[in-house]
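*Asks:* based on what follows, work out the 3D shape:
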Amino acid sequence: MRDLRTFLDTLRREGELVEIDAEVDPHLEMAEVHRRVIAAGGPALLFKRAKGSNFPVVTNLFGTKKRVDLAFGTRAAAFVKRAAGLPHELMPPSLGKLWGLRDFGWQALDLGLAHAPRGPVTEVVGPPRLTELPMLTSWPKDGGAFVTLPLVYTEHPDNGSHNLGMYRIHRKADDRTGMHWQIGKGGGFHHHLAEQKNQALPVNLFVGGPPGLIASAIAPLPENVPELLLASLLVGERLRRCDNPGGPLPLVADCEFAIVGEVPPHVREPEGPFGDHYGYYSLAHDFPVLQVKQVCHRKDAIWPATVVGKPRQEDFFLGDWLQELLSPLFPVVMPAVRQLWSYGETGYHALSAAVVHERYRREAMASAFRILGEGQLSLTKFLLLLDQPMDLGDFKAVLEHVLARFRPETDLYVFSNLSMDTLDYAGPALNEGSKGVMMGVGEPVRDLPREFRGELPVGVRDVAAYCGGCLVVSAPAWRDEPGAAARLVDAFPGWPLVVLVDDAREATRSDARFLWTAFTRMEPAADLHGRQRVHRNHLVFEGTVVLDARMKPTYPDELFCDPDTAALVGRRWAEYFPAGKVAMGDSDVGHLDR
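*Replies:* This next block holds a predicted model:
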């Protein structure tokens, strides 16, 4: 699809878009309406009257699998699958094989970029007045209003190669925003190079445009693979660009808005807090600043936005679709990796599982190092390794498979003093933490217990089996007994994995709740416990491994709507949706307990 409005027309025809005539405030109110609708599996929302702005706002564009499929269809997935098979299909090469691929070749020729002097995005060009744009404040402790679907375009200062990434934008003034470049991101690398030269980095901030442009900005592509090439594939034609009346970088012609500016060198200002997709606040830290020079937009521009928080939100549906789209390429880039999946319920970077080859002893670890060294996958905090194909999306089955084969003495690795995802606060400091790898290869070595029998240890209120081999324990609060994990390592013999939480029944209500609780509240080096010894410089675990996933005092607050906004939205629900056809979900729970 060429632009946002084409997608909106499709959603209207499919009954997937509801228009809201009532005036709604982008400060807290709009986000809570969105959260309640997505929690109930509801439609995309077009807020026609955003308080304080002349621009309408559309949210929840990708909040169901159906809408993601409507946005992208099947053409791109078929192309990627075919491209991944070419190395095998063409060997040995022959004229007949090349002729058989002529349809694929014609499709490939349609990809790329096109250029024109002007485009719809330059219909209105004016000075920066960012306070007139309906940016959302989503959570009560957010540091202000943010662009929540930002498409940040930069180019390499030396060779001109580009990066398109989604880095949150905190509005600070009419002409200034924060630029939240996390570690391991292409735009941040460009800024680092420009800063070394004492140069400002030109930036285009796009908002809206083809759905494929949004998806390509968050796709986990290798660093040197151009995002605009993927965007062209998803759009289904050459991506149209046009001249930039206010800066050196070309604009994507069919976007709704283009905010043009530069990031000066050696300037940092506090950015945040912001309620993030891990389900907690990310705190205020010093980040670079975008100095805005000009704002371009369509005459009838629509401001697209999203809301992140506890899973599953919009980013979950897009993220899972992108994994499925790109999965045929994983064995091409990493030949020993047969399958790979990252779990959106954990924020993606906190947990991944991979099916790898184990043709000789410890070959699986070669694949682990390959995964942990690849682009955004290098931010993975905990990695499960298997050597037998299975549905990695079925996490209970995956964990049982691993635990039945896992030998704690040799199959658990903890790597300390490493970088960690900027948004993950389980580590000792910003961007710092550790990684863990747990192997479950070969034949089973144990039968897994599935029910706890016996007396509860002192201080343990309750237990619940999440799956075979994994017991979830309601332990004393961390502030009351920080050392509970070490005390309980021998309390549950026969269970290969024990997870300490604040409420075992709540943590085991669903797979999503377990994943979110267990893996967003742990850091391998600090929170994996057991009877330990060192052998040949390897940390050997013996017996039960205890994972301490209790909330610690150093963690940011969990995200909840404030009572006043919750009450306001509850009172106005019939005003937003007078036809009465939009269900109201529980925004504090979302999809966690489904």
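*Asks:* which residues of the stretch 101-250 of the chain score low on pLDDT?
*Replies:* Judged by pLDDT under 70, the stretch 101-250 of the chain has its weakly predicted residues at 101-110, 222-224.
*Asks:* again with the stretch 251-400 of the chain
*Replies:* Screening the stretch 251-400 of the chain residue by residue with the criterion pLDDT under 70, one finds no matching range.
*Asks:* which residues in it form helices?
*Replies:* Chain-ordered helices for the stretch 251-400 of the chain, with DSSP state H, counting those that start in this stretch as the definition, fall at 314-326, 330-333, 363-371, 395-405.
*Asks:* any chance of these in TSV, plus mean neighbour count and distance to Gly143?
*Replies:* The C-beta positions use only the backbone N, C-alpha and C, and glycine is treated the same way. TSV is the format used below for the helices of the stretch 251-400 of the chain (neighbours: other Cβ atoms under 10 Å; distance: least, Cβ to Cβ, whole Å):
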stretch	mean neighbour count	distance to Gly143
helix 314-326	21	20
helix 330-333	16	37
helix 363-371	19	34
helix 395-405	20	34
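*Asks:* possible to save those helices as a markdown table with distance to Ile183?
*Replies:* Written out in a markdown table, the entries for the helices of the stretch 251-400 of the chain read as follows (distance: least, Cβ to Cβ, whole Å):
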| stretch | distance to Ile183 |
| --- | --- |
| helix 314-326 | 19 |
| helix 330-333 | 21 |
| helix 363-371 | 18 |
| helix 395-405 | 27 |
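*Asks:* now Phe330: how far from Leu229?
*Replies:* The spacing between Phe330 and Leu229, counted by Cβ to Cβ, to the nearest Å, is 18 Å.
*Asks:* typo on my end, it should be Arg338
*Replies:* With distances defined as Cβ to Cβ, the gap from Arg338 to Leu229 amounts to 26 Å.
*Asks:* I'd say Leu471 and Asp462 touch.
*Replies:* No - with contact defined as Cβ atoms under 8 Å, Leu471 does not count as touching Asp462 (11.0 Å).
*Asks:* those two: who's more crowded?
*Replies:* For Leu471 and Asp462, the more surrounded residue by other Cβ atoms under 10 Å is Leu471, and the numbers stand at 26 against 13.
*Asks:* which residues touch that one?
*Replies:* 449, 452, 463-465, 492, 495, 497-499 (Cβ atoms under 8 Å, 6 or more residues apart in numbering).
*Asks:* coming back round to it: which one of the helices of the stretch 251-400 of the chain lies closest to Tyr280?
*Replies:* Each of those was scored for nearness to Tyr280 using Cβ to Cβ, and the closest is helix 314-326 (14.9 Å).
*Asks:* widest-spaced pair of the contacts of Leu471?
*Replies:* The widest separation within the contacts of Leu471 (Cβ to Cβ) is 14.2 Å, between Pro449 and Val499.
*Asks:* looking at those two, which one has more neighbours?
*Replies:* Ranked by neighbour count (other Cβ under 10 Å), Pro449 and Val499 place Val499 first, with 29 against 17.
*Asks:* isn't that one right up against Ala507?
*Replies:* Yes - Val499 is in contact with Ala507 according to Cβ under 8 Å; the separation is 7.4 Å.
*Asks:* and for these two, which residues touch both?
*Replies:* For the pair Val499 and Ala507, residues contacting each of them under the criterion Cβ under 8 Å, 6+ apart are 466, 472, 518, 549.
*Asks:* residues in contact with the last one?
*Replies:* Residues in contact with Ala549 (Cβ under 8 Å, 6+ apart) are 499-501, 507, 517-519, 521-522, 527.
*Asks:* so which of the residues you listed sit within helices?
*Replies:* 507, 517-519, 527 (DSSP state H).
*Asks:* wait, which of the residues you listed is closest to Arg129?
*Replies:* Within the ones in helices among the contacts of Ala549, proximity to Arg129 (Cβ to Cβ) peaks at Phe519, which comes in at 42.2 Å.
*Asks:* returning to that earlier point: would you list the buried entries among the contacts of Leu471?
*Replies:* Among the contacts of Leu471, those that count as buried by neighbour count (16 or more other Cβ atoms under 10 Å) are 449, 463-465, 492, 495, 497-499.
*Asks:* tell me the one of those residues nearest Glu409?
*Replies:* Each of the buried ones among the contacts of Leu471 was checked against Glu409 using Cβ to Cβ; the closest is Leu497, at 14.6 Å.
*Asks:* just put the shared contacts of Val499 and Ala507 in a markdown table and tack on distance to Tyr348 and pLDDT.
*Replies:* A markdown table is the format used below for those (distance: Cβ to Cβ, whole Å; pLDDT from 0 to 100):
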| residue | distance to Tyr348 | pLDDT |
| --- | --- | --- |
| Tyr466 | 21 | 98 |
| Val472 | 22 | 98 |
| Ala518 | 15 | 97 |
| Ala549 | 18 | 98 |
